[in-house]
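J.: A structural model of the following input is requested.
(4 chains)
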There are 4 protein chains.
Amino acid sequence: MRRAIVKSEIFSEAQFHDIDPMNIVWHGNYPRFFELARVEILDKIRYGYDEMKASGYAWPVIEMNIRYAHPMTLREKVKISAGITEWENRLKIDFEIRNKETNKRLCKAYTTHVAVDLKTNTMLWETPKVFRDRLEPYL
Amino acid sequence: MRRAIVKSEIFSEAQFHDIDPMNIVWHGNYPRFFELARVEILDKIRYGYDEMKASGYAWPVIEMNIRYAHPMTLREKVKISAGITEWENRLKIDFEIRNKETNKRLCKAYTTHVAVDLKTNTMLWETPKVFRDRLEPYL
Amino acid sequence: MRRAIVKSEIFSEAQFHDIDPMNIVWHGNYPRFFELARVEILDKIRYGYDEMKASGYAWPVIEMNIRYAHPMTLREKVKISAGITEWENRLKIDFEIRNKETNKRLCKAYTTHVAVDLKTNTMLWETPKVFRDRLEPYL
Amino acid sequence: MRRAIVKSEIFSEAQFHDIDPMNIVWHGNYPRFFELARVEILDKIRYGYDEMKASGYAWPVIEMNIRYAHPMTLREKVKISAGITEWENRLKIDFEIRNKETNKRLCKAYTTHVAVDLKTNTMLWETPKVFRDRLEPYL
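T.: Numbers count the residues shown, from 1 in each chain, chains lettered A, B, ... in the order given. As a prediction, this is how the structure comes out:
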């Protein structure tokens, strides 16, 4: 995960309700795992959901991409890493899920977000100052 | 489902993402099936989510009970019935899920809701007039 | 939670994907929280999902009941307790979710499970010896 | 959706449990909508989940990509289209979600699947004959 200016990681575990009839985590359940890491990295830069709202911006996802390399299995303990890799025009967060013990990479992913001004409901072509200020210490 | 003053039914199908490693719908996924029938019956009395909000009340669930008689399986087509069985002090909706072809009952359930005044954020001990008015044609 | 012969607790946090438009955890998402505590208590008695299967029994949920006292909100840190309260004819697990800091109880719940012999696919009216053996140290 | 050799479409509706605190369908809930269309198109070529298994192959998702153009909102009725756009070395299904009434496109997506031989647990570099046979009528 080159180029990330801020990184975070968090640990989780695949649960029974994540698993499909093929005995692996259903591909559509991965976004919940990324969410844990997204929350962590946004907390780190003090720009979590509440701060976003208070700052007057929403940050909807405009793209999500997930590449599944190896299946996650029941009770597998995983490390989920997140890194902010774009921040000037939009927010891009890269993710990786690795087996906690072996460090084997199970998947790579990213989500891309744009800032939307909550007052005018218009999309911004550059990320707002408030967001860049939070990244300042890491630039 | 005796005593229901309004009834509705809707059809659905168990999908891959509902199924757990035991090849049956995970018990915790049933609330999504009930939701389909709840929406249907509240639409029928013209008191859906938007109308609730507009009327100044929220209707949080205070109890949910589900009795699972037979498992739901992948691609099983089901009929979900809902009936309003209490409405004076609180809203109680009874549910049944049956196999669409055989009519075999797969589960019974209910959810109990109380009205909360959105202005004062207080719970009501009697359901508000606006709600009873919607039920009037069925009483 | 009287009468529990084994107890366990685990900590979790309400995430963005758990929250509904009323800004509280959607009532149908609670089963995922109970799952965390169920896994914990079954691990404790060395009778988790893999051991269940290896022992020749499945333990489907035949009833789930949830009483919601106070809403769970975004990022709320919670303690989820589980206790085994019936084990002779069936397995009953009682649950509580409390705010981690204030200890305020947010909900009470239980799930009831019966043993099914995987070879004959028949329901047992008494829990199997293998399960009681695991509880032995706690009786 | 050019190049699709088979197409299907299905209708659905965004429900309360799909919606997040921003009052739009949570980005991580879209895979459940695609699943409905995937099932439809695989049924059409008579190669659904049961047929896959019976044929000796699993088809895990190796990539999922979703581009969100406009948010889906509560009770929005949508048309979900699927088209098979690659089938020689792997299976690629393209998806679109459009508002049912206005036909406005809400999102584009694809999932890529590879065939895995269930006996040897090895990934195939060409799709198996059984799968191509099902596509034969459409080639």
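J.: spatially central residue for chain A, please.
T.: A:Arg38 (3.6 Å; Cα atoms, centre = their mean).
J.: could you see whether chain B lies near the helix or strand where it lies?
T.: Using DSSP states H and E, the element containing A:Arg38 is helix A:30-44. No - using Cβ under 8 Å from any Cβ of the partner chain, helix A:30-44 stays clear of chain B, coming no nearer than 12.1 Å. Yep, even glycine has a C-beta here, placed from its N, CA and C like the rest.
J.: tell me what angle that helix forms with helix C:30-44.
T.: 90 degrees (axes from the mean of the first three to the mean of the last three Cα atoms, to 10 degrees).
J.: now the strands: where do they sit in chain A?
T.: Assigned by DSSP state E, the strands in chain A fall at A:6-13, A:57-58, A:61-68, A:77-86, A:91-99, A:105-113, A:116-117, A:122-123.
J.: close to chain C: what parts of chain A are there?
T.: Counting by Cβ under 8 Å from any Cβ, the residues of chain A that sit close to chain C are A:15-17, A:31-32, A:35-36, A:39, A:48-50, A:74-75.
J.: out of those residues, which is most surrounded?
T.: Top of those by neighbour number is A:Pro31, holding 24 neighbours under the definition other Cβ atoms under 10 Å in any protein chain shown.
J.: that one: what's its closest spatial neighbour, skipping adjacent residues?
T.: D:Gly28 (2.8 Å; Cβ to Cβ, 6 or more residues apart in numbering or on different chains).
J.: the one you found: neighbour count?
T.: Using other Cβ under 10 Å, D:Gly28 is surrounded by 23 other residues.
J.: next: A:Thr73.
T.: For A:Thr73, using other Cβ under 10 Å, the count is 15.
J.: quick one: residues contacting the closest residue to it other than its chain neighbours.
T.: Leaving aside its sequence neighbours, A:Thr73 sits nearest to A:Ile24 (Cβ to Cβ, 6+ apart; 5.9 Å). By Cβ atoms under 8 Å, 6 or more residues apart in numbering or on different chains, the residues touching A:Ile24 are A:Pro71, A:Met72, A:Thr73, D:Pro60.
J.: can you tell me which of those is closest to chain B?
T.: A:Thr73 (10.0 Å; Cβ to the nearest Cβ).
J.: looking at it, the closest one is touching A:Trp26, isn't it?
T.: No - using Cβ atoms under 8 Å, A:Thr73 is not in contact with A:Trp26; the gap is 12.0 Å.
J.: got any residues that touch both of these two?
T.: Common neighbours of A:Thr73 and A:Trp26 (Cβ under 8 Å, 6+ apart) are A:Ile19.
J.: can you check the pLDDT for the residue nearest to A:Thr73?
T.: We have a pLDDT of 97 for A:Ile24.
J.: also A:Arg3?
T.: pLDDT, A:Arg3: 85.
J.: please apply the same query to the one 5 residues further on.
T.: You'll see A:Ser8 listed with a pLDDT of 96.
J.: counting neighbours, what do you get for it?
T.: Other residues close to A:Ser8 by other Cβ under 10 Å number 20.
J.: ok, now how distant is it from chain B?
T.: Relative to chain B, A:Ser8 is positioned 28 Å away (Cβ to the nearest Cβ, to the nearest Å).
J.: could you do A:Leu36 as well?
T.: Going from A:Leu36 to chain B by Cβ to the nearest Cβ gives 19 Å.
J.: same question for A:Ile5.
T.: Computed as Cβ to the nearest Cβ, the A:Ile5 to chain B distance reads 35 Å.
J.: before we move on, what about A:His113?
T.: For A:His113 relative to chain B (Cβ to the nearest Cβ), the value is 25 Å.
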